[in-house]
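In: Any chance you can model this:
(chains A and B)
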Amino acid sequence: MTSVSLPRELAVPARAAESGRDRTYWLRKRLESAIIPLFALLIAAAAFSVFLICLGKWPSDFFALVWRGAFGSAFSLQNTLLRAAPLLLTALCVALPAQLGLVVIGGEGAVVLGGLAAAAVAPLVAGLPPAAVQILMGLAGCAVGAAWIGLVGLMRARRGLNETIVSLLMAYIAIAIFNHLVEGPLRDPASLNKPSTRDIGEINMLGHLPGTDVHPGLLIGILACVLFYILIYRTSFGFAARVTGGNLRAAQLQGLPVAGLIIIACALGGACAGLAGTIEVAAVHGKANASLAAGYGYAGILIAFLARQNPLAIIPMSLLLGGITAAGGIVQRRMGLPDATMLVLQGMIFISILASQTLYGRITWFQPRKSA
Amino acid sequence: MRAIGVEAAGVTKRFGAFTALDDVSLKVRPGTVHALLGENGAGKSTFVKCLLGYYRADSGDFVIGDRQEAIAQPQDADRLGLGMVYQHFTLVPSMSAAENLVMARADVPRVIAWKAERKRLGEFMSRMPFKIPLDIALGMLAAGERQKAEILKQLYLQRRVIVLDEPTSTLTPQEAEDVLNLMRELATSGELTIIIITHKLKEVMAFADEVTVLRRGRMAGGGKVGELTAIDMTTMMIGAAHEPGTLTRSGDPEAAARLTIRDLRSLGDHGRAGLDIAALDVRPHEILGIAGVSGNGQRELMEVLGGQRPPTGGEIRVADRSYHARRNEMHALGVRLLPEEPLRNACAPGMSVIANLNLRTFDRTDNGARRFWLDRRRMAERGRTMIEMFGIRTPSPDAPIGALSGGNVQRSVLARELDGDVEVLIVANPCFGLDVKAVAEIRARIVAARNAGTAMLLISADLDELLELSDRIVVMCEGKIVYETPGTGADAHEIGRHMAGHA
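Out: So this is what the prediction gives:
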């Protein structure tokens, strides 16, 4: 055995005064990641207010209306939650690979193919009890999504292809495949104006949470966010992924299976996006058609960045963005603002949050304090 | 005489509550080599940054030549003829030396008449004591040549005072001697005044006329080099008499090799030779030193052993079992690696000190079985023990490791990799850029590991370090092992000849 014992004089214990004196650092570190995004939101709101004033509108009216339209009544709150549900999952499709330092922006591809797989599976197993049909649909959606984004990871890990470009291009391919199948082999002959697959059947739909109009997809999304938070921060898999994202060379030096981690993280993200597509089919549309490519995959990128790739932070950010979209209609009607106004607000929030990333580590008060 | 003198009076620089320089005064006479000696964090860099206009001193004056000058920005230093050669390369690696030199001029014309420039460059180069290829992208050159290009650039800009920051850390002994001799000649001939920042007492003794020693931002002493002994200077640097070289290796190397390398080949970067090692054996209780000019396959060897570069052929065995740098093998066979530049190669800079101290063990229980859930309490406990045992100075165990000083990052990686049973340890340039105290401590820990029975491969660009620590030394040149000698009684010049490829 070659346990290394050190000569006594070499084990120099650090004096307490020199090390670990900063006892509130952990708290300030957490505050930093809460206060900076809030500050960025305030800046975005201020900038948007200037925009409104230029249009001759009162910002106070606007924000009051957004509040009413997004969270002010049971109806508007449910509307917000409905819109937030798929975003939770598509944001995870960005946030999981991001732990390894990858920027995957092609979640839309996994959403449409996952939804299509679910819609294609339902008629094949129509005889089974609804719960079984739903589970099989979910599995099919997850598997196809996982395979699609997993393929992106595979190309990154084995051939060094840029995952951002590959995933984006693959999203276009996915949508082309989707259109081909929905308008061709899988088309329900009865769908005349809007080509769709066959209906999955009313009985197989996901229904609503008791006492609301909100479907269970919301709960699935929140659950997924919590689970993946635990996976990333409490398991050795997540730790290995974060090390890889933090420094690829260090991860290799520790013998971590970097290629495997990349492929698995991408596949898990893809499974989430595929599940988002499945839920849209099983809870909202009842079939797969062009409505599935509604841009949830792309909105997910926005949310993941707003949440700084933290799965728990995805939950409030999805609600915020869901709320803004939900309030869009009422704001446009009441204030006579153009259609694109809400997109302007979204854009301002996005830019402001991205710019605020440069503040991390810059504000001395949040940093670890060296003893003088 | 073109060279001018530099005088600083009462220079003080504060960063917030921290005083980096406290009332430092020194006088550099024109046409001399002046060494600025001190440990890491002693304020050497802060001082020259004030001199060169990168920082603004809070109080104090500089006299350049015979006039008091306010140096508020780098352009002012430029105008006064002050230049600096940095420890890290600052030339553009994708451009040739010619392009780099012309571009560095303050008066680059909008359209460059290359023909005329080339002619002038040719004349300039013919006056220079060493040559570098003008037309090859600098990134393709070895570190020593790039260092020369950096010095050439300062000469090309017709500086009158040049500050060199650790100029020899990337050079072979011969190259270092060349460069320092050249600097000396330039100073003696009255062309230049030279300020050298260094840790190496030997260089101060051999090449400097005068020395100023800084400790914790204050003047700790100085004077004519001829009138001081090495012990005097060490005492000034670290504040107490310091005995160099008290390392004792105990226990003879065992007969059977623990790490064996056969016919190992790999590709190299940027057209450099890859690895081509016919046979290399390291035995328990042995430090095998690998000498060589940087860029002759040392990095490739480290990367292959660390799983960062796939080999193209050959075999590595540890304790008679095949080794492919996988995590399971590293754990089972007790293989540890300490690469150079630990922050870039062995740490996740944004993660906490605790997390980085646990990189090797986060997925294992204490008896080595795989675990899925992190044991965060145990990780914190292990981390705190290591912080205490190795004297790692960190404001908080949760602080990102990237915020620590170089010596403390190296201590952290050492703490992590020396923990537990170490059968094979592969180390590269462990003391690069560290101060005297940290160097002594780290070398002692390395020897302690060897004495405990570790088989150790020590790759180093510092021949003195290899001569001090190794049981056996081999020389690498263009990816091959070209020379082998026992460590005791090894001839530094013979090694140097093989390093340079003149065997």
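
In: do you know how far residue A:136 is from residue A:188?
Out: 19 Å (CB to CB, to the nearest Å). (C-beta placed from N, C-alpha, C; glycine too.)

In: Could you pull up the residues touching residue B:331?
Out: Taking CB atoms under 8 Å, 6 or more residues apart in numbering or on different chains, we find residue B:331 in contact with B:364, B:368.

In: give me that answer again for 6 Å
Out: By CB atoms under 6 Å, 6 or more residues apart in numbering or on different chains, the contact set of residue B:331 is empty.

In: looking at this, residue A:87 is in a helix?
Out: Yes. Per DSSP: H, G, I helix; E, B strand; the rest coil, residue A:87 lies within a helix segment.

In: What's the per-residue pLDDT of it here?
Out: Listed pLDDT for residue A:87 reads 95.

In: How about it, nearest residue that isn't a chain neighbour?
Out: residue A:318 (4.2 Å; CB to CB, 6 or more residues apart in numbering or on different chains).

In: Can you show me the helices along the stretch 1-150 of chain A?
Out: A:25-54, A:59-67, A:74-98, A:107-124, A:130-159 (DSSP state H, counting those that start in this stretch).

In: So for the residue in the stretch 101-250 of chain A positioned nearest to chain B, what's the nearest residue that isn't a sequence neighbour?
Out: Closest contact between the stretch 101-250 of chain A and chain B, by CB to the nearest CB, is at residue A:246 (2.8 Å). With CB to CB, 6+ apart as the criterion, residue A:246 has its nearest non-adjacent residue at 2.8 Å, and that residue is residue B:348.

In: check contacts around the spatially most central residue of chain A.
Out: What sits nearest the mean C-alpha location of chain A, by CA atoms, centre = their mean, is residue A:91, with 0.7 Å. Applying CB under 6 Å, 6+ apart to residue A:91 gives the contacts A:300, A:303, A:304, A:314.

In: Residue B:186 too?
Out: residue B:192.

In: Please report how far it lies from chain A.
Out: Residue B:186 sits 39 Å away from chain A, going by CB to the nearest CB, to the nearest Å.

In: Would you indicate which residues of the helix or strand where that residue lies are buried?
Out: Assigned by DSSP states H and E, residue B:186 belongs to helix B:173-188. Across helix B:173-188, burial judged by 16 or more other CB atoms under 10 Å in any protein chain shown covers B:173-180, B:182-184, B:186-187.

In: Give me the domain ranges for chain B.
Out: Domain ranges of chain B: B:6-238, B:246-334+B:426-503, B:342-420, per automatic domain parsing.

In: Give me the sheet partners of whichever helix or strand comes after the helix holding residue B:186 and which way each runs.
Out: Counting by DSSP H and E, the next helix or strand C-terminal to helix B:173-188 is strand B:193-198. Counting by DSSP bridges, the strands paired with strand B:193-198 are strand B:33-38 (parallel), strand B:161-165 (parallel).

In: ok, and which of those strands has the densest surroundings?
Out: Mean neighbour count (mean count of other CB atoms under 10 Å in any protein chain shown) peaks for strand B:33-38 among the strands paired with strand B:193-198, with a mean of 26.

In: Need the CA coordinates for it. CSV is fine.
Out: Backbone C-alpha positions of strand B:33-38 (Å, rounded to 0.1, in the frame of the first residue of the first chain) are rendered in CSV as follows:
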residue,chain,number,x,y,z
VAL,B,33,20.2,44.9,-15.3
HIS,B,34,18.0,45.4,-12.3
ALA,B,35,16.3,42.4,-10.8
LEU,B,36,12.9,42.7,-9.0
LEU,B,37,12.7,39.7,-6.7
GLY,B,38,9.8,38.6,-4.6
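
In: ok, then the element right after it?
Out: Next along the chain after strand B:33-38, taking DSSP H and E as the criterion, comes helix B:44-51.

In: List the contacts of that next one.
Out: Residues from elsewhere that reach helix B:44-51 (CB under 6 Å, 6+ apart): B:11, B:13, B:20, B:21, B:36, B:38, B:55, B:57, B:163, B:197, B:214.

In: how big is the angle separating it from strand B:161-165?
Out: On the basis of axes from the mean of the first three to the mean of the last three CA atoms, to 10 degrees, helix B:44-51 is oriented at 150 degrees to strand B:161-165.

In: Name the residue of chain B that lies nearest to chain A.
Out: residue B:348 (2.8 Å).
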